[in-house]
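# with the sequence up front, the predicted model follows.
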Amino acid sequence: MSEHPDLIDEQRAIDHAYDCLERTRAAVAAMGSQYDGGPGGTFQHRYERDVVQEQVDQRLGQLDIGDQSLVFGRIDAEPTPERPEVESFHIGRIAVSDERRDPVVVDWRAPIAESFYRATGRDPMGLRRRRHFATRGRQLLGIDDELFGSAARALDRGEVQGQGALIAALEESRTGRLSDIVATIQGEQDVVIRSPLAGVLVVQGGPGTGKTVVALHRAAYLLYSHRFPLEGQGVLVVGPNRVFLSYIEQVLPSLGEAGVEIAVLADLVPRVRVVGWDDEPVARVKGDLRMVEVVAQAVRDRERPLREALRVPYGIQHLTLTVAQSEAIVRDARRRFRTHNAGRRHVEQQFFERLAETSRTGDSPQVVRERTRHDLVVRSALERMWPVLTPTELLNDLFGSPGLLRAACRRWLRRDEWELLARPRRSDPAEVVHPHQDVPLLDEALERLGPRPSHRDDEAVRTYGHIVVDEAQDLSPMELRMLDRRSLNGSMTVVGDIAQATGAWAHDDWESVLAHLPDRRPPRTAELRVGYRVPGPIMDYAARVLALAAPGLAPPVSIRRVGEPPRVVACSPDGFEDSLVALVRSELASVGSGNLAVVAPRSLVDRAAAALGAGGVDFGRATRQGLDRQVTLVPISLVKGLELDAVVVVEPAAVLEEEARGAQSLYVALTRSTKRLSVLHARPLPAVLGGPADQDDSGGDQDPFRGERPDPDVASLDLHGGRPVG
């Protein structure tokens, strides 16, 4: 952006806004000190002090924007006969007022700020001018103006708003953390963000359309516009894995909303350890809705009458409980209680009452209980009839016992299906480590079992006023049922891309997803069609794979039609290591301070790591460091949802072979870059990418980049100049 005549005046306005923000923060902090009377005082005083301090801390958190820019734009209203003066409002991250309570900055979520994002030449929404600021912290670097009205209407073609600010933001180097887009939200994105709270909203968006960050901004908007009741009910954001959570965790705090819970599905089930994934055949069985009946039967199978009459030593006599009496106790408890663990006390009460009836000394059930409850035969009988169980204990016993597994599954699963579920039983449930596909089964078990009597607070299923689900196209019916269970009133935002469906339960359309989600209101759908992240040349290359991955979907229209064409690099099998290191170093030289990901199929992750290490490349693994290093090795299964300055995709043919939905996985990998894409292959290039007929794969002692495709849309590499040629 060039020097603007209003630059000095706008800098003064921004400085004033920061001064007002600091005064507001100081005033809020002072409110807390008024109640700080030390640890003593009455109970009422201590309670009030804690409540006020909690509110002060929450408000200070909302006012803490860190290093983010406070103000990013301004709108000027078109004068009217009723209001001849020009009204101006600065738009920013949070609302700021001066000492007289006059607005200095309008929150981006406020209704008056809607025109900042949606006004066009055809519909200026009452604006005369929209102004975008380029800032670094509190320093104003440049101004980009858009004029509306008769003079500007002929020039406006309905393209993106604030194109200069948008392109500048897109071309910034990535940091390994997703940034907010609050300063550059586009009209179609704003429609999604401000969509009504009620019901399920499905957002379909291809790579780079901003669906993830739009969903996060929607969560912030809903908390602003529906503070009551959402602040009390809670807002939950569910991501596909922890690498993804680490990537998005700063977006909502940067928008002043630090109270949103961000989780993977495993975080929603208390007291379980989850690591790793099952193979696809096992995952298919565990994700099937028939597992609802299997879990229910497994719980019911643990509610059993005694095999034979019970005789309990009691002084010089024996107390007895018949098999028929134990059947009646179990039957009565099943009738009375919805959850298993809630019935344990009733079973114990009936158990000791029946024993007391056989006492010749006339002792009460309470006395009998105290005298016999530690007896081994009594404890064994109660554990057989109605054990207190955790979800882990239930699954550990179920999958580790052929008898229990057969009894629970035989009515619902084929033998070849339920045999896949068998695994060794751990003698200590605390040592059980579950694969991720166990999570919805554990949750279903928790729903059937209920919390243990002594753990009602920390084992109850929590519900939320709004749930945001990212990458929903990969969730199994059991996982979707788990989310449905946590929806308090059916309000959800579900985002994803059918073309990027890669899981064992990948869906081919959104109807199959919606079938398992709340249906209290008709669902709404939205599609983001404009691609902001992926440059046109890269998107065009990836679109070759989209035709195979999802023939019915069109690729996003990239807003950046210019950019570096993808580089396809062939190497010999023995030269893989050297070629990978050379390619990474070449890409780092081109991308400067930006970050780079090496995306590899499972079979090549360890080999790629060894090559990078031996080649002296300072890199991290996504599974350990997230995207904190400039160079990160990312398994193909974890790359979804990420964005990076440069991406090196290793061996596309292996991706197509190894992944259950190889075309979709390859499409995901090819669309992660904001600037540069390279493809390294020792095997013939897949036909969908133009190989092998067009490819020189002679191998042998050759330059590691020799043999690149002379495609007009795919660059070959001049090693000496380090730039694409041809």
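Cool, got the structure.
# CA atoms for contacts and neighbours, from now on please.
OK.
# ok, now which ones touch K675?
By CA atoms under 8 Å, 6 or more residues apart in numbering, the contact list for K675 reads E171, V534, P535, G563, E564, L644, D645, A646.
# closest one to H340 out of the residues you listed, please.
Nearest to H340 among these, counting by CA to CA, is L644 at 48.6 Å.
# report the separation between the closest one and N595.
6 Å (CA to CA, to the nearest Å).
# which one's more surrounded, those two?
Between L644 and N595, L644 has the larger neighbour count (other CA atoms under 10 Å), namely 28 against 24.
# so how far is stretch 43-54 off the chain centroid?
35 Å (CA atoms, centre = their mean, to the nearest Å).
# an error on my part: the question was meant for stretch 389-401.
That offset, for stretch 389-401, works out to 28 Å (CA atoms, centre = their mean).
# where does pLDDT dip in the stretch 601-726 of the chain?
692-726 (pLDDT under 70).
# can you pull out the strands in it?
619-621, 631-635, 644-650, 673-681, 716-718, 723-725 (DSSP state E, counting those that start in this stretch).
# can you give me the helices in the stretch 601-726 of the chain?
Per DSSP state H, counting those that start in this stretch, the stretch 601-726 of the chain carries helices over the ranges 605-614, 622-625, 652-658, 662-670.
# now do the second one: which elements does it pack against?
Counting contacts by 3 or more CA pairs under 8 Å, 6 or more residues apart in numbering; DSSP states H and E, the secondary-structure elements packed against helix 622-625 are strand 631-635.
# adjacent strands (with direction) for the strand it packs on?
Sheet pairing here is set by DSSP bridges, and for strand 631-635 it gives strand 596-600 (parallel), strand 619-621 (parallel).
# export the longest one to CSV, keeping only CA atoms.
Only the C-alpha atoms of strand 596-600 are listed here, as CSV (Å, rounded to 0.1, in the frame of the first residue of the first chain):
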residue,chain,number,x,y,z
LEU,A,596,7.9,-26.0,5.3
ALA,A,597,6.3,-29.4,5.7
VAL,A,598,7.6,-32.7,4.3
VAL,A,599,4.4,-34.8,3.9
ALA,A,600,5.1,-38.5,3.7
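# show residues contacting it.
587-588, 608, 630-636, 639, 644-651, 655, 669.
# can you tell me which of the helices of the stretch 601-726 of the chain is most buried?
Mean neighbours per residue, mean count of other CA atoms under 10 Å, is largest over the helices of the stretch 601-726 of the chain for helix 662-670, with a mean of 27.
# who touches that one?
Taking CA under 8 Å, 6+ apart as the rule, helix 662-670 contacts 207, 499-502, 538, 542-543, 545-546, 548-550, 599, 636-637, 639-640, 647, 649, 652, 655-656, 659, 677.
# pull out the buried members of those.
Neighbour-count burial (16 or more other CA atoms under 10 Å) applied to the contacts of helix 662-670 gives 207, 499-502, 538, 542-543, 545-546, 549-550, 599, 636-637, 639-640, 647, 649, 652, 655-656, 659, 677.
# elements contacting the one helix or strand V56 maps to?
Assessed by DSSP states H and E, V56 sits inside helix 43-63. Helix 43-63 makes packing contacts with helix 7-34 when contacts are defined by 3+ CA pairs under 8 Å, 6+ apart.
# just checking, what packs against the helix it packs on?
Checking 3+ CA pairs under 8 Å, 6+ apart, helix 7-34 ends up next to helix 43-63, strand 96-97, strand 139-147.
# tell me the most buried of these?
Taking mean count of other CA under 10 Å, strand 96-97 is the most buried of the helices and strands packed on helix 7-34, at a mean of 20.
# picking that back up, mean confidence score for the helix holding V56?
Averaged across helix 43-63, pLDDT comes to 83.
# just checking, what packs against the helix or strand following that helix?
The C-terminal neighbour of helix 43-63 among helices and strands, as given by DSSP H and E, is strand 71-77. If you count contacts as 3+ CA pairs under 8 Å, 6+ apart, strand 71-77 packs onto strand 88-92, strand 127-136.
# which among the ones you listed is found nearest to F399?
strand 88-92 (54.6 Å).
# for the closest one, buried residues please.
Under 16+ other CA under 10 Å, the buried positions of strand 88-92 are F89, H90, I91, G92.
# so what's L21 closest to, chain neighbours aside?
Nearest residue to L21, sequence neighbours excluded (CA to CA, 6 or more residues apart in numbering): V96, at 6.1 Å.
# how close does that neighbour sit to P253?
Taking CA to CA, one finds V96 at 17 Å from P253.
# now swap in D19 and tell me
From D19 to P253 the distance is 21 Å (CA to CA).
# neighbour-wise, which of those two wins?
P253 (19 against 14).
# report the secondary structure element holding the more buried one.
Using DSSP H and E, P253 sits within helix 251-254.
# related to what we said a few turns ago, out of the strands of the stretch 601-726 of the chain, which one sits most buried?
Of the strands of the stretch 601-726 of the chain, strand 644-650 is the most buried (mean count of other CA under 10 Å), at a mean of 27.
# paired strands for that strand, with orientation please.
In its sheet, and by DSSP bridges, strand 644-650 pairs with strand 596-600 (parallel), strand 673-681 (parallel).
# from the chain's centre, how far out does the last one sit?
Here strand 673-681 shows a centroid-to-chain-centroid distance of 25 Å under the convention CA atoms, centre = their mean.
# how about stretch 88-100?
Chain-centre distance of stretch 88-100: 32 Å, with CA atoms, centre = their mean.
# now do the end-to-end distance for stretch 229-240.
27 Å.
# now do stretch 284-296
End-to-end distance of stretch 284-296 (CA to CA): 19 Å.
# in stretch 287-301, what's buried?
In stretch 287-301, counting by 16+ other CA under 10 Å, buried: G287, R290, M291, V292, E293, V294, V295, A296, Q297, A298, V299, R300.
# for L421, see how far away the first one is.
It refers to G287. Computed as CA to CA, the G287 to L421 distance reads 12 Å.
# and the strands of the stretch 601-726 of the chain as a markdown table, adding distance to R118?
Below are those laid out as a markdown table (distance: least, CA to CA, whole Å):
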| stretch | distance to R118 |
| --- | --- |
| strand 619-621 | 40 |
| strand 631-635 | 37 |
| strand 644-650 | 28 |
| strand 673-681 | 25 |
| strand 716-718 | 41 |
| strand 723-725 | 38 |
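# which residues touch stretch 412-424?
Residues outside stretch 412-424 that contact it (CA under 8 Å, 6+ apart): 281-282, 285, 290-291, 293-294, 399-402, 405-406, 409-410.
# filter the residues you listed down to the buried ones, ChimeraX style.
The buried residues among the contacts of stretch 412-424 can be selected in ChimeraX (16+ other CA under 10 Å) with this line:
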select :282,285,290,291,293,294,399,400,401,402,405,406,409
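# for V545, give its distance to G662.
10 Å.
# err, A682, not the other one
18 Å.
# do V294 as well
Taking CA to CA, one finds V294 at 31 Å from G662.
# quick check: P566 touching P537?
Yes: contact status for P566 versus P537: in contact at 7.1 Å, counting by CA atoms under 8 Å.
# comparing the two, which residue is more hemmed in?
P566 (26 against 22).
# ranges for the helices of the stretch 251-400 of the chain?
For the stretch 251-400 of the chain, helices defined by DSSP H, counting those that start in this stretch occupy the ranges 251-254, 280-287, 290-300, 323-336, 344-357, 365-372, 376-385, 391-400.
# R452 is nearest to which of those helices?
Going by CA to CA, the one of the helices of the stretch 251-400 of the chain nearest R452 is helix 344-357, 9.1 Å.
# mean confidence score for the closest one?
For helix 344-357, the mean pLDDT works out to 97.
# and the contacts of that helix?
319-321, 325-326, 329-330, 333, 362-366, 368-369, 382, 386-388.
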